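Chemist: Build the 3D model from these lines:
(one chain, ligands or ions: 2)
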Amino acid sequence: MSIFDRFLPKKKQPEVKNTIPQEKTNIKKTFGVYCHKHHNTSGDKLCPKCTALLATVMTKINRCPYGITKPICDRCEIMCFGSKQNKEFMTIMSSSSKGMLLRHPMMSLKHKMASFSVDYAKREQEKRASEKAAAKKKNAEEKAKAKDESKKK
Ligand code: SF4
Ligand SMILES: [Zn+2]
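Modeler: Ligands and ions are numbered 1, 2, ... in the order given. A predicted model of the protein is given here:
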């Protein structure tokens, strides 16, 4: 720590926003849109199958290993609901996006933005990993070349 640090503005820790309540609401609404359309339900009621799946999803979100830094579930690499439930969840989430946009446009847009930011972060992570691998490979090649040249001398 230098003497100047005392006069410089203190760095703020980046704030992690808890978006879990918002995501839960979005999932509940999406299940509603799907169940009303496919299982002839209405209002706040869901059919028994969707109710059971929604209960599983909510329980898993409460126990999510990522905590409040979790990605949105439909972009998660772990997908922890169980293989059959994962497929059903993805079907509901993807096939109801138009219905959500019509009935809950703001919520739907926020969810889309969250999806984009998860996708962007993943792309950046992959880019960094491939750059690192390329640099490592180049380094190894250069070392091998230098070794060969020193042997020739
Ligand atoms: S699917 Fe992923 S983000 Fe969602 S609760 Fe499970 S581990 Fe967490
Ligand atoms: Zn249903």
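
Chemist: Please make it C-alpha for all contacts and neighbour counts, starting now.
Modeler: OK.

Chemist: what residue is smack in the middle of the protein?
Modeler: With distances taken as Cα atoms, centre = their mean, residue 71 lies nearest the centre of the chain, 2.9 Å away.

Chemist: Report the secondary structure state of that one.
Modeler: At residue 71 the chain is in coil, as set by DSSP: H, G, I helix; E, B strand; the rest coil.

Chemist: check contacts around it.
Modeler: residue 118 (Cα atoms under 8 Å, 6 or more residues apart in numbering).

Chemist: Could you check how far it is from residue 142?
Modeler: Distance from residue 71 to residue 142, counting by Cα to Cα, to the nearest Å: 39 Å.

Chemist: which residues touch stretch 101-110?
Modeler: Taking contacts as Cα under 8 Å, 6+ apart, the residues outside stretch 101-110 that touch it are 26, 97, 100.

Chemist: so how many other residues sit close to the second one?
Modeler: The burial metric for residue 97, expressed as a neighbour count using other Cα atoms under 10 Å, is 20.

Chemist: I'm done for today, thanks for sticking with me.
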